[in-house]
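> Predicted model and sequence below, questions to follow.
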Amino acid sequence: MKEICKKSFINSLLAGVYIVLVALFMSNANEWLGQANSTIGVAAVLLLFSLSALVVGGLIVGKPIFLYIDGKKKDAVWMLIASAGWLLLFLLIAIAILIATK
C-alpha cells in the first residue's frame, strides 16, 4: 500500500508539472509565437489537448490499467483513488495560492 501511494504521488506530481507547463505555454503563446491564423490556432489547441489527454491519462490511468490486467484489481483501484486524491490536494493548494495572492 505504501508503494502504491508513493507511485501515485510521483505520477500525480509529474502530471501536475506537465499541466503547469501547458498552462504557462498557453498563457504566453500569443507573446511568444505572435497572432496565429485562426484555423492553425484552433488546430494547435486541439492537438495540444489530445497530447495532454495522452500524457496525463498515461500518468494517472496507465499503471492502474496494467495492475488490473495483471490481476491486481484491488491495487489498481487503490492506485487510481490515491492518484485522484493527490490531484485533489494539488488543486486545493493551487486554489489556496490563488486566494493568498489576491
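Alright, I've got the coordinates.

> how about the helices in the chain?
With DSSP state H, the ranges of helices along the chain come out as 2-33, 38-57, 63-69, 73-100.

> and these as JSON lines, adding mean pLDDT and mean neighbour count?
For glycine as for every other residue, the C-beta is placed from the backbone atoms N, C-alpha and C. JSON lines is the format used below for the helices of the chain (pLDDT from 0 to 100; neighbours: other Cβ atoms under 10 Å):
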{"stretch": "helix 2-33", "mean pLDDT": "92", "mean neighbour count": "14"}
{"stretch": "helix 38-57", "mean pLDDT": "91", "mean neighbour count": "12"}
{"stretch": "helix 63-69", "mean pLDDT": "96", "mean neighbour count": "16"}
{"stretch": "helix 73-100", "mean pLDDT": "96", "mean neighbour count": "14"}
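
> which ones are touching the residue nearest to the spatial centre of the chain?
Of all residues in the chain, the one closest to the mean position by Cα atoms, centre = their mean is Ala15, 3.4 Å from it. By Cβ atoms under 8 Å, 6 or more residues apart in numbering, Ala15 lies in contact with Val55, Val56, Leu59, Ile60, Leu87.

> distance of it from Trp32?
Using Cβ to Cβ, to the nearest Å, Ala15 is found at 23 Å from Trp32.

> again with Ala82
36 Å.

> Check the residue in the chain sticking out farthest from the centre and give its pLDDT.
Among the C-alpha atoms of the chain, the one most distant from their mean position (Cα atoms, centre = their mean) is that of Asn37, at 28.0 Å. On the pLDDT scale, Asn37 is placed at 75.

> Tell me the spacing between it and Leu87.
Counting by Cβ to Cβ, the gap from Asn37 to Leu87 is 35 Å.

> got it, and Trp32?
Note on Trp32: its distance to Leu87, by Cβ to Cβ, is 28 Å.

> ok, now Ala53?
15 Å.

> now Ile69
23 Å.

> now swap in Ala76 and tell me
Taking Cβ to Cβ, one finds Ala76 at 17 Å from Leu87.

> and if you look at Ser50?
Ser50 sits 20 Å away from Leu87, going by Cβ to Cβ.

> just Ser12 next, same as before
5 Å.

> what do the two both touch?
With Cβ under 8 Å, 6+ apart, Ser12 and Leu87 have common neighbours Ile60.

> Appreciated, that's everything.
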